[in-house]
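S.K.: Okay, structure incoming, though there's no sequence with it:
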């Protein structure tokens, strides 16, 4: 799959570098990568550490910056050449990347920020096997309590911990009474609000249980989950670092090496919170769909 991802990045560059600049069609980019637009955006963000839209804007402004400093075209010509309808819109985008307006940059010969062209390659970091199974599930609900929190990639997520601490005993007891679907037990569910997996990106974070789609629990929040396929990863290691590493490895190693793509839905985690650094068993459920073609890299 890495070959297809790099072909998709090549297509982005062709759009940005062509004499007649064209708008980057993300649907076409995803088609070249032989995956859905939804999965491509998620996978790119996990691999690159930034949303696809941010990368495209930074690359566009890197190329535009060279022309601004070159001085061969007027600033308006540069703006139009890179797809902006006005000098003001171009200046805002330019400043968001370079920290300085194009006019000032040209006058002063300022130092600009360059976003290098990306490519993906395999880096062998170890031989740890990832244990997983594929599960088909009918539609169900997650019922529990929801909070909006920022993503934290390393260490304790203080907002998530505070949400857990805010739960009253009555709510937890009621959740356990309703837990009649796999994964069984009190779990957490993460719903991504955008395609970004950057540190600090906001997500909806649930503490709840899996139960039938028609279960009534007025005192709890309910999240409807569509029927579909799930990749279930078993994990054992120190809490929470092993889980954070697993989440990263699923998107940066497992997906590029297997014939599956992510699909819309919550990512479920069943674990037993313990003292920081203490080892524990966990299960991570990721909604997936099988894709055609060979996997492998």
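M.R.: Now that the structure is in, tell me what you want to look at. It should be emphasised that the depicted structure is a prediction, and the values quoted were computed from it without experimental measurement.

S.K.: And the lowest-mean-pLDDT helix or strand in the chain, what's buried?
M.R.: Sorting the helices and strands of the chain by mean pLDDT, DSSP states H and E puts helix 255-257 at the bottom, at a mean of 82. In terms of neighbour count (16 or more other Cβ atoms under 10 Å), helix 255-257 has its buried residues at 255-256. All C-beta atoms are positioned from the backbone trio N, CA, C, and that covers glycine.

S.K.: After it, which helix or strand is next?
M.R.: Using DSSP states H and E, the helix or strand that directly follows helix 255-257 along the chain is strand 260-262.

S.K.: Relative to that following strand, what are the paired strands and their orientations?
M.R.: Looking at strand 260-262 with DSSP bridges, its partner strands are strand 279-290 (antiparallel).

S.K.: can you pull the buried residues of the partner strand?
M.R.: The neighbour-count check on strand 279-290 (16+ other Cβ under 10 Å) flags 280, 282-289 as buried.

S.K.: quick check: longest helix of the protein.
M.R.: Using DSSP state H, we find that the single longest helix of the chain is helix 52-70.

S.K.: next one: that one to chain centre, how far?
M.R.: Mean C-alpha position of helix 52-70 versus that of the full chain (Cα atoms, centre = their mean, to the nearest Å) differs by 23 Å.

S.K.: Okay, helices next: where are they in the protein?
M.R.: Per DSSP H, the chain has helices spanning 2-17, 26-32, 37-48, 52-70, 75-81, 87-98, 102-108, 158-166, 169-178, 241-249, 255-257. These are given in chain order.

S.K.: and of the ones you listed, who's closest to residue 196?
M.R.: For those, proximity to residue 196 was assessed by Cβ to Cβ; helix 37-48 is nearest, at 5.5 Å.

S.K.: Who are the packing partners of that closest one?
M.R.: In terms of contacts (3 or more Cβ pairs under 8 Å, 6 or more residues apart in numbering; DSSP states H and E), helix 37-48 is packed against helix 2-17, helix 26-32, helix 52-70, helix 255-257, strand 260-262.

S.K.: what residues are up against residue 202?
M.R.: 148-151, 193 (Cβ atoms under 8 Å, 6 or more residues apart in numbering).

S.K.: give me that answer again for 10 Å
M.R.: Under the criterion of Cβ atoms under 10 Å, 6 or more residues apart in numbering, the contact partners of residue 202 comprise 148-151, 159, 192-194, 196.

S.K.: With residue 243 instead?
M.R.: By Cβ under 10 Å, 6+ apart, the residues touching residue 243 are 233, 235, 237, 269, 271, 280, 282, 284.

S.K.: switch the cut-off to 6 Å
M.R.: Shown in contact with residue 243 (Cβ atoms under 6 Å, 6 or more residues apart in numbering): residue 282.

S.K.: Kindly provide the distance from it to residue 194.
M.R.: Per Cβ to Cβ, to the nearest Å, residue 243 is found 22 Å from residue 194.

S.K.: List the buried residues for stretch 236-248?
M.R.: In stretch 236-248, counting by 16+ other Cβ under 10 Å, buried: 237, 239-240, 242-243, 245-247.

S.K.: ok so, going back, as TSV, the helices of the chain with distance to residue 221 would be great.
M.R.: Formatted as TSV, those follow (distance: least, Cβ to Cβ, whole Å):
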stretch	distance to residue 221
helix 2-17	37
helix 26-32	32
helix 37-48	24
helix 52-70	30
helix 75-81	46
helix 87-98	36
helix 102-108	47
helix 158-166	12
helix 169-178	10
helix 241-249	23
helix 255-257	29
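
S.K.: right, and those - which one's nearest residue 201?
M.R.: Comparing the helices of the chain by their distance to residue 201 (Cβ to Cβ), the top pick is helix 37-48, with 8.7 Å.

S.K.: roughly how far is the closest one from the heart of the chain?
M.R.: The mean C-alpha position of helix 37-48 is separated from the chain mean by 6 Å, Cα atoms, centre = their mean.

S.K.: Please apply the same query to stretch 84-93.
M.R.: The gap between the average C-alpha position of stretch 84-93 and the chain average comes to 28 Å, counting by Cα atoms, centre = their mean.

S.K.: Now tell me what touches it from outside.
M.R.: Under Cβ under 6 Å, 6+ apart, the answer for stretch 84-93 is 76, 79, 101-102.

S.K.: Which of the residues you listed ranks first by neighbour count?
M.R.: Using other Cβ atoms under 10 Å as the neighbour definition, those reach their maximum at residue 102, which records 25 neighbours.
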